[in-house]
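J.: Would you be able to build a 3D model of this:
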Amino acid sequence: MSGTSALSGATDVFALSGSGRCVAFFTARRRAALPKDRARRAAAGVAAELERLADDGWILSVGGMFGRSEPPTAFATGFAQDADIVGAFEAPDRAAALAGTARLGAAGWDELLRTAWLLGPREFAPVPRPEDGSDPPAWGFFALWQWNAAWQAATPQERAEYDAECDVAFASDVASGIGIAGRHRLDAAGRWHHLGIWECPGFPVIDAAMREHERVADFKFTTSRHYAGRRTPLLDLLEPADG
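T.: Next up is the predicted model:
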């Protein structure tokens, strides 16, 4: 299965990216009953390694993918999801992503978190939200998806029509205040073919966007998994809980 789509060239919304950069997307759960002093040492080790990765050219926040200068940032998810923390970094290339995630694990990350990493190259350039002078969006939304059997059976014309309809929904997303951090390809990393990352001003905006994507039948050709969370400095999320 190739996993490629007719949406492989520039559209009204998306431009191709030839950067060669590689996403390191993660879903993580905190390890329970870790002594506070041990957790603090592990967090300090992670903080030091994050600084080294930044020096090596890593982008350590979704906001950084849009060119903002900000500390390492992730997203705190809700109780209904199968992760406590989700987030995405971007390494200079795939080799750097593999090496860097291993370095983070050895520095203390693996002591603090049980993590699933997904790596893959950037396909589309970021599409920033309309600039209105407001603070960075408080919410992040992550969509993992794979092309399903219906897509495999579709004709080239049906796929082209589908891509055009989806582009209408993506244009609506951006107009509503969503920033789309491009698209990354994940075929080599596991079951998911692609990752989409959004910055959103609030959960109602995410809900309205999903309704628009349903209206244009975005999901008829895909199986997907979604995560949403509140934007939080990563080191704050690694601090041991009180009590």
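J.: List the residues that contact the closest residue to R215 other than its chain neighbours.
T.: Nearest non-adjacent residue to R215, counting by C-beta to C-beta, 6 or more residues apart in numbering: A169, 7.5 Å away. C-beta here means a position set from N, CA and C on the backbone, and glycine is covered the same way. For A169, the contact set (C-beta atoms under 8 Å, 6 or more residues apart in numbering) comprises A209, E212, H213, R215, V216, D218.
J.: repeat for D207
T.: D207 makes contact with no residue under the criterion C-beta under 8 Å, 6+ apart.
J.: So which of the contacts of A169 belong to helices?
T.: Residues of the contacts of A169 located in helices (DSSP state H): A209, E212, H213, R215.
J.: mind showing which ranges of the protein have poor pLDDT?
T.: Where the chain drops to pLDDT under 70, the residues are 1-10, 188-189, 242-243.
J.: Quick check: the spatially most central residue of it vs P92, distance?
T.: Note on the chain: the residue nearest the mean C-alpha position is I197, at 4.1 Å, using C-alpha atoms, centre = their mean. Separation of I197 from P92 (C-beta to C-beta, to the nearest Å) stands at 18 Å.
J.: Likewise for R122?
T.: Distance of R122 to P92, computed by C-beta to C-beta: 11 Å.
J.: between the two, what contacts are shared?
T.: Counting by C-beta under 8 Å, 6+ apart, the residues touching both R122 and P92 are G20, R21, C22.
J.: Just the buried ones out of these, please.
T.: By neighbour count, with 16 or more other C-beta atoms under 10 Å, the shared contacts of R122 and P92 hold R21, C22 as buried.
J.: if I look at the closest residue to W109 other than its chain neighbours, how far off is G229?
T.: Among residues not flanking W109 along the chain, V46 sits closest, at 5.2 Å (C-beta to C-beta, 6+ apart). Going from V46 to G229 by C-beta to C-beta gives 19 Å.
J.: now A48
T.: Separation of A48 from G229 (C-beta to C-beta) stands at 25 Å.
J.: re the thing from before, quick check, the residue nearest to R215 in a helix?
T.: Yes: membership of A169 in a helix is supported by DSSP: H, G, I helix; E, B strand; the rest coil.
J.: from now on call the first residue 56
T.: I'll keep to 56 as the first residue from here, and by that count the last item is A224.
J.: can you give me the helices in the chain?
T.: 91-110, 117-120, 149-159, 165-167, 204-208, 211-230, 258-270, 289-293.
J.: Please identify which of these is closest to P127.
T.: Of all the helices of the chain, it is helix 289-293 that lies closest to P127, at 4.1 Å by C-beta to C-beta.
J.: Any idea how far the closest one is from the middle of the chain?
T.: Centroid separation between helix 289-293 and its chain, computed with C-alpha atoms, centre = their mean, to the nearest Å, is 17 Å.
J.: mind listing what's buried in it?
T.: Going by neighbour count (16+ other C-beta under 10 Å), the buried part of helix 289-293 is L289, L290, L292, L293.
J.: Then stretch 72-88?
T.: Buried-residue list, stretch 72-88, by 16+ other C-beta under 10 Å: S72, R76, C77, V78, A79, F80, F81, T82, A83, R85.
J.: again with stretch 192-209
T.: By neighbour count on 16+ other C-beta under 10 Å, the buried set for stretch 192-209 is P192, W194, G195, F196, F197, A198, L199, W200, Q201, W202, W206, A209.
J.: Same question for stretch 93-102.
T.: A94, A97, A98, G100, V101, A102.
J.: got a list of contacts for it?
T.: By C-beta under 8 Å, 6+ apart, stretch 93-102 touches L89, L159, A162, G163, W164, E166, L167, L290, L293, E294, P295.
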